[in-house]
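> please find the sequence and the predicted model below.
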Amino acid sequence: MDDYKKLIEEAFGESSEDSDDDDRLRQPEDSNISGESELVFGKLPEWERISEIKGLSLCRDFLTPHQQSTLLASILQQEGWFTDSSHNQAMRFGDLPAWANELSTCIRELIQYSNYDPESTDITSEMDGQDCIFPSTLLNREPLFNQLIANSYQPGEGICAHVDLMRFEDGIALVSLESSCVMHFSRVENEAVTDRKQPEPKIPVYLTPGSLLLISGEARYQWKHEINRKPGFQIWDGLEIVQKRRTSITLRRLCNSE
C-alpha cells in the first residue's frame with residue numbers, strides 16, 4: 001500500500017485527503033485544474049464483483065468528492081464541454097487530454113495494487129481468466145485506452161440497451177459522476193432461445209458518484225447494458241433515486257490501434 005501511494009504521488013503530486021474539502025463536493029469553479037493532478041487515492045478502494053456476470057467489476061470509491069470536482073472542472077472548464085445544454089456528448093480519439101491520461105493511469109495502478117499478488121502463480125492464472133478484475137493481456141497494453149466519450153445526462157435521460165461497437169477492443173472503463181443511477185444488464189438475445197415465454201431477468205448495478213465500472217470478456221460481448229431514467233425504473237433498495245444531472249466518462253481502445 002505504501003509503495004502504491006508513493007508511486008501515485010510521484011506521478012500526480014500529494015493527495016489532499018486530509019483537507020476538509022475532501023468531505024464535500026466543491027463546485028467546479030473552486031476546483032484546482034492546474035497542471036498537478038488531484039486524482040490520487042487516500043486509501044485503496046475495494047472491488048465488488050457482480051457474481052451473475054463474468055467480467056464485470058465495480059469499484060464504488062474510485063474517486064473522492066474532491067477528486068470528482070477536479071475531474072468535472074477539467075471537463076466543463078478546461079475542455080469547455082457541455083456549456084450548451086443542446087450539446088451533451090463529446091468524443092476524443094488518439095491523443096487524449098492530460099486529465100484522461102491521468103485517469104487511465106489511476107485505473108491501471110488501482111487494478112495492479114488491488115487485493116491480489118501479481119507474483120502468485122495461482123492468482124495470476126485466475127487473473128487471465130474471466131473471473132479477474134481486468135485480464136492482464138488488456139491491462140498491459142499500451143496505451144491502455146485511446147478513445148473517450150463523455151456524456152452529460154439531464155434528469156430523465158439515459159441510454160438504450162446496447163453492446164459497445166466491435167470497432168473497440170475488449171476492456172472498457174466507465175467512470176460515473178454527479179447523480180447516482182442504476183445500470184441494467186441483460187443477456188444478448190440468442191436466436192436459439194428466442195421462443196422463451198419469459199425473458200431473463202435484468203441484472204441491476206448501482207453506480208454511485210465517483211464509481212468505476214470495468215467491463216471485459218463475457219460482460220463486454222454477451223451482455224447489453226442500459227440506463228432507463230424514466231420514472232419508476234431507477235429503484236434501489238426499494239427507494240426511487242432522486243435524479244440530478246449525471247456525467248459519465250467511458251474509456252475504450254480502438255481495434256488495430258498499435
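All right, it came through fine.
> so what does the one helix or strand residue 71 maps to touch, helix or strand wise?
In the assignment (DSSP states H and E), residue 71 maps to helix 65-73. Helix 65-73 is packed against strand 172-178, with contacts defined by 3 or more CB pairs under 8 Å, 6 or more residues apart in numbering; DSSP states H and E. In short, each C-beta sits where N, CA and C put it, glycine included.
> next helix or strand past the strand it packs on?
Next in sequence after strand 172-178, counting helices and strands by DSSP H and E, comes strand 181-187.
> who touches that next one?
Identification of contacts with strand 181-187 by CB atoms under 8 Å, 6 or more residues apart in numbering yields 50, 53, 56, 158, 161, 199-200, 202-207, 213, 219, 222-229, 233-236, 241, 243, 246.
> and the angle for it with strand 172-178?
150 degrees (axes from the mean of the first three to the mean of the last three CA atoms, to 10 degrees).
> mind checking how far the residue most central in space within the chain is from residue 211?
Nearest to the mean C-alpha position of the chain, counting by CA atoms, centre = their mean, stands residue 174 at 2.4 Å. Separation of residue 174 from residue 211 (CB to CB, to the nearest Å) stands at 9 Å.
> against residue 170, how distant is residue 221?
Applying CB to CB to residue 221 and residue 170 gives a distance of 7 Å.
> residue 89 now?
Counting by CB to CB - residue 89 and residue 170 are separated by 23 Å.
> neighbour count winner among those two?
Per other CB atoms under 10 Å, whichever of residue 89 and residue 170 has more neighbours is residue 170, with 19 against 11.
> who are the contact partners of the more buried one?
Contacts of residue 170 by CB under 8 Å, 6+ apart are 135, 138, 216-217, 220-221.
> got a winner among those residues for most neighbours?
Neighbour tally across these (other CB under 10 Å): the maximum, 24 neighbours, falls on residue 216.
> just confirm it contacts residue 172, I think it does.
Yes - under the criterion of CB atoms under 8 Å, residue 216 is in contact with residue 172, at a separation of 7.2 Å.
> longest helix anywhere in the protein?
When the chain is parsed with DSSP state H, its longest helix is helix 98-112.
> average pLDDT across it?
Across helix 98-112, pLDDT averages out at 94.
> nearest spatial neighbour of residue 228, skipping sequence neighbours?
Of all residues not flanking residue 228 in the chain, residue 158 sits nearest, at 5.2 Å (CB to CB, 6 or more residues apart in numbering).
> can you count the residues close to the one you found?
Using other CB under 10 Å: residue 158 sits among 18 other residues.
> got phi/psi on it?
Note on residue 158: backbone dihedrals following degrees, to the nearest 10 are phi -150, psi -150.
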